[in-house]
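Asker: Have a look; sequence and predicted model below, questions after that.
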Amino acid sequence: MLDEEPGRKRSWQWVHPIVAQRLQKGQFCTLYKDLRRDPMKFKNYCRMSVEAFDHPLVCLHPDLNFMDTRMRFCILAEQRLIVTLRFLATGNSFASLHYEFLLGISTISGIVCHTCKVIWQRLREAVMPTPKAEDWLRIAEGFYQSVQFPNCIGALDGKHIRLKKAPHSGSPYFNYKQYFSVVLMALADSNYRFVIVDIGAYGSTSDDRIFSASRMGEQLQTNQLALPEPSRLPGSAGLPAPFVIVADKGFALSPHLMRPFPRRDLDDRKRIFNYRLNRYALSEYCPQSGEYASHPYR
């Protein structure tokens, strides 16, 4: 029996009576089998097809499967994955998921954290392997075909992920947008797929400082990313040019990182260069300044 709070008597033991009805009334127990029989409803609910769900489930099952005990039935691997997907896809709070799945809030918190960790450990090499020279060449070909920017191996930017201020954390998480956040720094290919990510930097830190301090930035500066050898630009007979990452003006220029020209004294050649470089961004181009304005949904 759980310890009782002073001056308060509990009317229930071990679990709340509502939570005790999980196997009869919980959303997973009442919907899962029916959803699998309707692929469209399943995709709408989980944000992935039945086949896409089953593939990672097989890989994750050994780490998500637990034994029943004499005190309670375990939470199935399928339910653990469904709960995590619902949290990631909808942004519902743990309290909201508590009433949907009839699981304790602390239990849901543990499930989501553990499942996300297992997903990263088990599927990282399959979904986001360390790029090799041939992978960079394929990415560069994609950028040249889609936005006519040669020798480009990725588009780099940071995304602020809003969070609640942690107790006694001070101001490191408070960003220039006036809310608390951590930063997702990501390198993406021409199809908007992540190639390399760095997650968890303080929201108050600038994108350039985050990138420079990240493992990705350190490997780029020390030539450890297995980049292809420099090659001549299409239609050029000049010296071979290095393969580069494109980024906005918040990053510092380097041999392997290209940023737009400053808006002052732009001639036609610089405007065209900025246009080509910035076409990867979800933003609106301004011919007068030669730059892109921030998109409201970025």
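Answerer: Sure, I can see it.

Asker: ok now stretch 228-238, how far from the chain's centre?
Answerer: Stretch 228-238 sits 33 Å away from the centroid of its parent chain (C-alpha atoms, centre = their mean, to the nearest Å).

Asker: hey, C-alpha coordinates of it in CSV?
Answerer: C-alpha atoms of stretch 228-238 as CSV (Å, rounded to 0.1, in the frame of the first residue of the first chain):
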residue,chain,number,x,y,z
PRO,A,228,34.7,14.1,-51.3
GLU,A,229,37.8,15.6,-52.9
PRO,A,230,37.2,19.1,-54.4
SER,A,231,35.9,19.1,-58.0
ARG,A,232,35.4,21.6,-60.7
LEU,A,233,32.1,23.4,-60.9
PRO,A,234,29.8,22.6,-63.9
GLY,A,235,30.9,24.5,-66.9
SER,A,236,34.1,25.7,-65.2
ALA,A,237,37.7,25.2,-66.3
GLY,A,238,39.1,26.7,-63.1
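
Asker: And the helices in the protein?
Answerer: Ranges of helices in the chain, per DSSP state H, are 22-25, 27-36, 39-46, 50-64, 77-90, 94-101, 105-127, 133-147, 207-213, 215-221, 268-278.

Asker: now those in CSV, with mean neighbour count and distance to residue 251?
Answerer: Yep, even glycine has a C-beta here, placed from its N, CA and C like the rest. Formatted as CSV, the helices of the chain follow (neighbours: other C-beta atoms under 10 Å; distance: least, C-beta to C-beta, whole Å):
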stretch, mean neighbour count, distance to residue 251
helix 22-25, 13, 49
helix 27-36, 15, 44
helix 39-46, 14, 36
helix 50-64, 15, 34
helix 77-90, 19, 29
helix 94-101, 17, 36
helix 105-127, 15, 25
helix 133-147, 16, 17
helix 207-213, 19, 5
helix 215-221, 17, 10
helix 268-278, 17, 12
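
Asker: closest one to residue 181 among those?
Answerer: Residue 181 sits nearest to helix 207-213 of all those, at 11.8 Å, using C-beta to C-beta.

Asker: any residues touching that closest one, and which ones?
Answerer: By C-beta atoms under 8 Å, 6 or more residues apart in numbering, the surrounding residues in contact with helix 207-213 are 156-158, 183, 185, 198, 201, 217-218, 221, 247, 250-252.

Asker: Including mean pLDDT and distance to residue 241, could the helices of the chain go into TSV?
Answerer: Shown next, in TSV, are the helices of the chain (pLDDT from 0 to 100; distance: least, C-beta to C-beta, whole Å):
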stretch	mean pLDDT	distance to residue 241
helix 22-25	87	60
helix 27-36	92	52
helix 39-46	93	44
helix 50-64	93	39
helix 77-90	94	40
helix 94-101	93	50
helix 105-127	93	31
helix 133-147	92	11
helix 207-213	93	22
helix 215-221	92	16
helix 268-278	85	13
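
Asker: related to what we said a few turns ago, got a quick PyMOL command for the buried subset of the contacts of helix 207-213?
Answerer: To isolate the buried members of the contacts of helix 207-213 in PyMOL, using 16 or more other C-beta atoms under 10 Å:
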select buried, resi 156+157+158+183+185+198+201+217+247+251
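
Asker: which one among the contacts of helix 207-213 gets closest to residue 270?
Answerer: Nearest to residue 270 among the contacts of helix 207-213, counting by C-beta to C-beta, is residue 247 at 16.7 Å.

Asker: Give me the subset of the contacts of helix 207-213 lying in strands.
Answerer: Residues from these lying in strands, with DSSP state E as the criterion: 156-158, 183, 185, 198, 201.
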